[in-house]
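Enquirer: build me a model:
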Amino acid sequence: MKAPILALVIGGGLTAITIFLVFNFLVVTPTQKYDIAVDPILVKDSMGTETHVVIKNTGMDVLTNIRVDYGGTARPDVIPLLQPGEKISLSPPVGSDLTTVRVTTDQGINITQSYREPASVPFIGNSGYGG
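Expert: All right, here's what the predicted structure looks like:
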């Protein structure tokens, strides 16, 4: 009776590990000629507010003149060239409204993305490990 239960537990654990590895390390091949991922992040904690915007070219071809408009009175950033698979992290300047980011490119991409506020975990020290 104990052997079948143990076999099910081990089998379930191995299945979960396999699924985890496949989804986290599976290389995704781009399917569109021009595509972009925009991830604006806003973290508020007792130390203040931290923001950044991650832009990644998820398409098969180069993107040009990527304009990142933060809203408010802030001047937009312009990325002249972004290779396929390349990722860049930007810091919104003073005067950004910190609600949405609008990204446009010469290739006709036009995305407006709201900032997300991830669940934050308190860190200890600068490294997060007490040091």
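Enquirer: C-alpha from now on. contacts and neighbour counts both.
Expert: Noted.
Enquirer: and the closest residue in space to residue 63 that isn't next to it in sequence, how far from residue 70?
Expert: Sequence neighbours aside, residue 82 is the residue nearest to residue 63 in space, at 5.2 Å (criterion: CA to CA, 6 or more residues apart in numbering). From residue 82 across to residue 70, the span is 19 Å (CA to CA, to the nearest Å).
Enquirer: more neighbours: which of the two?
Expert: Ranked by neighbour count (other CA atoms under 10 Å), residue 82 and residue 70 place residue 70 first, with 26 against 20.
Enquirer: show me what contacts the more buried one?
Expert: 76, 92, 96-98, 100-102 (CA atoms under 8 Å, 6 or more residues apart in numbering).
Enquirer: right, and residue 83 touches residue 66 too?
Expert: No. Between residue 83 and residue 66 there is no contact under CA atoms under 8 Å: 11.4 Å.
Enquirer: helices of the protein, residue ranges please.
Expert: Along the chain, counting by DSSP state H, helices occupy 2-25.
Enquirer: give the contact list for residue 75.
Expert: Contacts of residue 75 (CA under 8 Å, 6+ apart): 69, 93.
Enquirer: so residue 83 and residue 66 - more neighbours on which side?
Expert: Taking neighbours as other CA under 10 Å, residue 83 and residue 66 compare with residue 66 leading, 22 against 15.
Enquirer: I'd assumed residue 104 was in contact with the more buried one.
Expert: Yes. At 5.7 Å, residue 66 counts as touching residue 104 under the criterion of CA under 8 Å.
Enquirer: mind listing what the spatially most central residue of the chain touches?
Expert: Geometric centre of the chain, nearest residue: residue 39, 4.5 Å, by CA atoms, centre = their mean. Neighbouring residues of residue 39 by CA under 8 Å, 6+ apart: 53-55, 113, 115-116.
Enquirer: quick one: pLDDT of it?
Expert: On pLDDT, residue 39 comes in at 96.
Enquirer: again, but for residue 68
Expert: 97.
Enquirer: pull the number of nearby residues for the residue lying closest to it once chain neighbours are set aside.
Expert: Distances taken as CA to CA, 6+ apart place residue 103 nearest to residue 68, at 4.7 Å, with adjacent residues excluded. For residue 103, the count of nearby residues is 22 (other CA under 10 Å).
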